[in-house]
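> requesting a structural model of the entry that follows:
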Amino acid sequence: MILQVIYVLFFKSMNGTAEGGAMENGAGDGGKDEKKHTKNGLEKELNELECLLTAQRTALEIITNLCCTDDEEEVWEDLDSSDASSDEMLTADVDMEGSDETVLSHLCVQSEVHGAFVGNNLVPRVMCKTNFPSAEVHTILSGYGRGKKLLKSIEVLQSRSLLCVSNMVSGMDIEALGGMDKLHLIWENLSQLALNKQAVESADLLEAVTSAMRATIQKLAEHKSPKFSSVVPSDLQFVFELGQQSSHPPVKANAVRILSTIGCLLAKQMEPHSLLKNIGTFLVEIVSKDQELWVVAEALDAIFDVFAEDHLDSVVREIGLTDKLKAVAPQLKAKIHQQKRSLGDHLPIIMTARTNLMRFIKYKS
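Model prediction:
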C-alpha cells in the first residue's frame, strides 16, 4: 500500500504538473485584470510545485529507508566494530594474502518491497529525478526570489534522489536493476552529473553523486563486468580530478573508493594493467598531501587492497610506492598524535591504517 502512495505522490503528481504547464506564460494581450489573473495563477502554481517537491522528497526518503532495515544496518556496524577491534583480522589481508574487493552483494531489500520496486520500474524513475533543470529554466528561476528558493528545493530533491539510487543499487540484485548494460548506463549518467557545473559548485550534491557512483561501480565489480578490462586513464580522469581538486573530504573519500574498487578488479589480471600506475600514483599523492587523516586512511587501505599481490611488485617499484610510503610514515604518526583527541569515530580506521602501513612496507621491502 505504501508503495502505491509513493507512486501517486512521486510520479503521477509530476506528470500532472507537466501536463498542466506550471511554467507557461499564457499572458495574451489583455488588460490589467488578465495580468493580475496570470500573476495570481503563477503564484498558485508555484505554491503547488513547492508542495509537490516536498512530497517527492518525502517519498524518496521513504524509498531510501525501505532499502535497508535498521536491524541489518546494526549487524554491519557490529561487523565493522569487530573488525576494527582485532589487529590480526585487520592486517591479515596485508600479510601476503591480498584482499578481494569483489565482496558478495549485500541484498537488504525485503522480497515484497523488491517486487514492488521492480513492478513500478522505480530505478529509472528515480534516476529521472537526478537530472538538472534546463539552462533556460535555471535562468528564469534565478531571476527572482521564489525562483531561487525553488532551485534550492530542486537541488535537495536531486541529492535525495541520488542517495535513493545509491541504496537501491546496493540493495537490489543486478537483474532487477536491468542487467549489466543498464547498470553501465547508470554509471555513465552519474558521470555526466558529476561533471555538471551545478554539481561541482555544490558540496552536498557532489557528495551524493559520487556516493551513487561508488555504489554502482561496486555492483559492477561484484559481477565482474568485462568492460573494466578495456578501461583507459582518460575514462577515469574526472574521478582523479574529483579526488585531487575537491575541498570536501567525503567527495575525496568516494573518489578513493571508486578507484580502489576498479584497481582491485584490475589487480586480478596476472599481466599488470597500465591503469594501475595511475591509480597507485593518485592514491599515494592523497596519502602524502591530504590534510584529512580519515581520507588518508581510506587511501592507505586502498593501496593495501590493490597492491597486495606479488605479481604487482613491478608496478610498486615503477611508481616508487614503498619509498614514498616510508617517507610519509613518520608524518602520519605525528599527525595522529597531534589530532588523536579530535578524530572521533574515524580513530579506529586511522589507527588500523597506520598499523597496516608498517606491515605493508615491511612486506614489500
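
> how about Ile262, what does it touch?
Ile217, Ala221, Phe228, Val231, Leu236, Leu275, Ile279 (C-beta atoms under 8 Å, 6 or more residues apart in numbering). Any C-beta I mention is one placed from the backbone N, CA and C, and that applies to glycine too.

> which strand or helix spans it?
helix 249-266 (DSSP states H and E).

> likewise for Ser211?
helix 203-222.

> redo the contacts of Ile262 as TSV? Include neighbour count.
Below are these laid out as TSV (neighbours: other C-beta atoms under 10 Å):
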residue	neighbour count
Ile217	24
Ala221	21
Phe228	19
Val231	16
Leu236	20
Leu275	18
Ile279	28
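
> which of those residues fall within helices?
Members of these lying in helices (criterion: DSSP state H): Ile217, Ala221, Leu275, Ile279.

> could those residues go into JSON lines alongside distance to Lys362 and pLDDT?
JSON lines is the format used below for these (distance: C-beta to C-beta, whole Å; pLDDT from 0 to 100):
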{"residue": "Ile217", "distance to Lys362": "31", "pLDDT": "96"}
{"residue": "Ala221", "distance to Lys362": "29", "pLDDT": "93"}
{"residue": "Leu275", "distance to Lys362": "27", "pLDDT": "95"}
{"residue": "Ile279", "distance to Lys362": "23", "pLDDT": "97"}
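
> adding distance to Lys252, write those out as CSV.
CSV is the format used below for those (distance: C-beta to C-beta, whole Å):
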residue, distance to Lys252
Ile217, 16
Ala221, 20
Leu275, 19
Ile279, 15
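
> between those, which sits nearest Lys148?
Minimum distance to Lys148 across those is 34.2 Å, recorded for Ile217 (C-beta to C-beta).

> sorry, back to before: now the helix holding Ile262: mean pLDDT?
Helix 249-266 shows a mean pLDDT of 96.

> distance of the closest residue to Leu141 other than its chain neighbours relative to Ser159?
The shortest distance from Leu141 to any non-neighbouring residue, by C-beta to C-beta, 6 or more residues apart in numbering, is to Gly147 (3.3 Å). For Gly147, the distance to Ser159 equals 19 Å [C-beta to C-beta, to the nearest Å].

> same check, this time on Lys252
According to C-beta to C-beta, Lys252 and Ser159 sit 18 Å apart.

> number of nearby residues for Gly147?
Here the count is done by other C-beta atoms under 10 Å, and Gly147 has 16 residues near it.

> tell me the SS of it?
What DSSP: H, G, I helix; E, B strand; the rest coil gives for Gly147 is helix.

> just confirm it contacts His138, I think it does.
No. Gly147 is beyond contact range of His138, at 9.2 Å (criterion: C-beta atoms under 8 Å).

> any low-confidence regions in the stretch 51-200 of the chain?
68-110 (pLDDT under 70).

> quick one: the helices in it?
Here the stretch 51-200 of the chain has its helices, by DSSP state H, counting those that start in this stretch, at 70-84, 87-91, 111-119, 122-128, 135-141, 145-171, 179-195, 197-200.

> so for His346, which of these sits nearest?
So among these, helix 70-84 is nearest, using C-beta to C-beta, at 10.8 Å.

> ok, back up a step: and the contacts of Ile262, which is closest to Asp345?
Using C-beta to C-beta, the contacts of Ile262 come closest to Asp345 at Ile217, 24.7 Å.

> Lys252 and Ser159 - which one has more neighbours?
Lys252 (25 against 22).

> quick check: the more buried one touching Ile286?
Yes. Counting by C-beta under 8 Å, Ile286 is a contact partner of Lys252 at 7.0 Å.

> which residues do those two both contact?
Between them, Lys252 and Ile286 share the contacting residues Gly243, Val295, judged by C-beta under 8 Å, 6+ apart.

> so which helix or strand takes in Asp305?
Going by DSSP H and E, Asp305 is in helix 293-306.

> show me how this structure divides into domains.
The chain is divided into the following domains under automatic domain parsing: 1-16+46-61+108-221, 224-365.

> reformat these into a markdown table and put distance to Cys67 next to each item.
A markdown table is the format used below for the domains of the chain (distance: least, C-beta to C-beta, whole Å):
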| stretch | distance to Cys67 |
| --- | --- |
| domain 1-16+46-61+108-221 | 4 |
| domain 224-365 | 18 |
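
> then stretch 323-336 to PDB, C-alphas only?
Output of stretch 323-336 as PDB, limited to C-alpha atoms (Å, rounded to 0.1, in the frame of the first residue of the first chain):
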ATOM      1  CA  ASP A 323      59.800   4.600  -0.700                       C
ATOM      2  CA  LYS A 324      57.000   7.200  -0.700                       C
ATOM      3  CA  LEU A 325      55.200   5.300   2.000                       C
ATOM      4  CA  LYS A 326      58.300   5.100   4.100                       C
ATOM      5  CA  ALA A 327      58.700   8.800   3.800                       C
ATOM      6  CA  VAL A 328      55.100   9.500   4.900                       C
ATOM      7  CA  ALA A 329      55.000   7.100   7.800                       C
ATOM      8  CA  PRO A 330      56.700   9.400  10.400                       C
ATOM      9  CA  GLN A 331      54.500  12.300   9.300                       C
ATOM     10  CA  LEU A 332      51.400  10.200   9.700                       C
ATOM     11  CA  LYS A 333      52.400   9.100  13.200                       C
ATOM     12  CA  ALA A 334      53.000  12.700  14.200                       C
ATOM     13  CA  LYS A 335      49.600  13.900  12.800                       C
ATOM     14  CA  ILE A 336      47.800  11.100  14.600                       C
END
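
> roughly how far is that stretch from the heart of the chain?
Distance of stretch 323-336 from the chain centroid (C-alpha atoms, centre = their mean, to the nearest Å) equals 29 Å.
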